[in-house]
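In: Kindly generate the corresponding structure for this input.
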Amino acid sequence: MGAFACVGLLFFIVLSSVEAWRPWPQYFNQTTTALGLKQQPNKADLQFGASKKHEGSSPYVNMRYHMGPVLTSAINVHTIWYGRWSKKEKRVINEFLLSISNNTKSPSVGQWWQTVQLYTDQTGANISRNIVIANEHEDYYSHGKILSRLTVQEVIKNAITTKSSPLPIDPKNGLYLLLTSSDVAVQDFCRAVCGFHYFTFPSIVGYTLPYAWVGHSGKQCPEVCAYPFAVPSYMTGMKALRPLMGMLVSMG
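Out: From the prediction side, this is the model:
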């Protein structure tokens, strides 16, 4: 669902490369091997330790580090709401993002984020647990309802340069999270990706800023980008999972 995708992209942005699985039809026969584990992990594999300074720190993840920067201090999320979003949709996503830092309920996103925290940079510093919604910006279709990957960067530029409540320039601790509403089409959305992350080009934005984009899968392609909360028709005999937390219900 969309909220899961948002945090998934937060996960991607702090890493240089992540192998993920989506229920594209051509990969359906790989479901068991992609999602199943033949053995249970040792508890030590899920904890921080001197031996866990590289990829493969948990059998649940398959990450490759290409020596890029890692967000090890508090992560400031600067959200750009592109298009029209309801108050309920915003509340759902904001609560989901904030729950990363909250590990008091079980199951929780905070527990899942502990696996992400196993990842480190070159100095051995772990990914930060602290996620802060630092700023929010609304953009009512400044670049229309069809966006390319480069146009996405233009939207971010608009958010930091607008005269009305611009987002701050935060290249060290900031993550610029662009969320597009259900009536906005983005290049490759639904066909090949549910979201992506990269860094902005100084030639376009003026700065090198880490950013992520997530599309609204509730109406456009729930059977792919909202999996496993929506199941493709070719996966016969499978039922969609139901969210265990109230915050994961409205985005589809």
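
In: C-alpha from now on. contacts and neighbour counts both.
Out: OK.

In: Let me know the secondary structure of residue 112.
Out: Assigned by DSSP: H, G, I helix; E, B strand; the rest coil, the conformation of residue 112 is helix.

In: Any idea how many residues pack against it?
Out: The number of residues packed near residue 112 is 12, by other Cα atoms under 10 Å.

In: Residue 204 now?
Out: 14.

In: What's the separation between it and residue 155?
Out: Going from residue 204 to residue 155 by Cα to Cα, to the nearest Å gives 10 Å.

In: What residues sit buried inside stretch 124-132?
Out: By neighbour count with 16 or more other Cα atoms under 10 Å, stretch 124-132 contains the buried residues 125, 126, 127, 128, 129, 130, 131, 132.

In: What lies in contact with that stretch?
Out: Contacts with stretch 124-132, where a contact means Cα atoms under 8 Å, 6 or more residues apart in numbering, come from 14, 53, 70-77, 97-98, 100-101, 113-114, 116-121.

In: Residue 183 versus residue 216, what's the distance?
Out: To residue 183, residue 216 is 8 Å away according to Cα to Cα.

In: More neighbours: which of the two?
Out: residue 216 (28 against 14).

In: Is it correct that that one is in contact with residue 185?
Out: No - shown here, residue 216 and residue 185 do not form a contact pair, counting by Cα atoms under 8 Å, at 9.2 Å.

In: and residue 134, what does it touch?
Out: Applying Cα under 8 Å, 6+ apart, the residues near residue 134 are 76, 77, 78.

In: Please identify which of the residues you listed is nearest to residue 233.
Out: Nearest to residue 233, judged by Cα to Cα, of the contacts of residue 134 is residue 77 at 35.3 Å.
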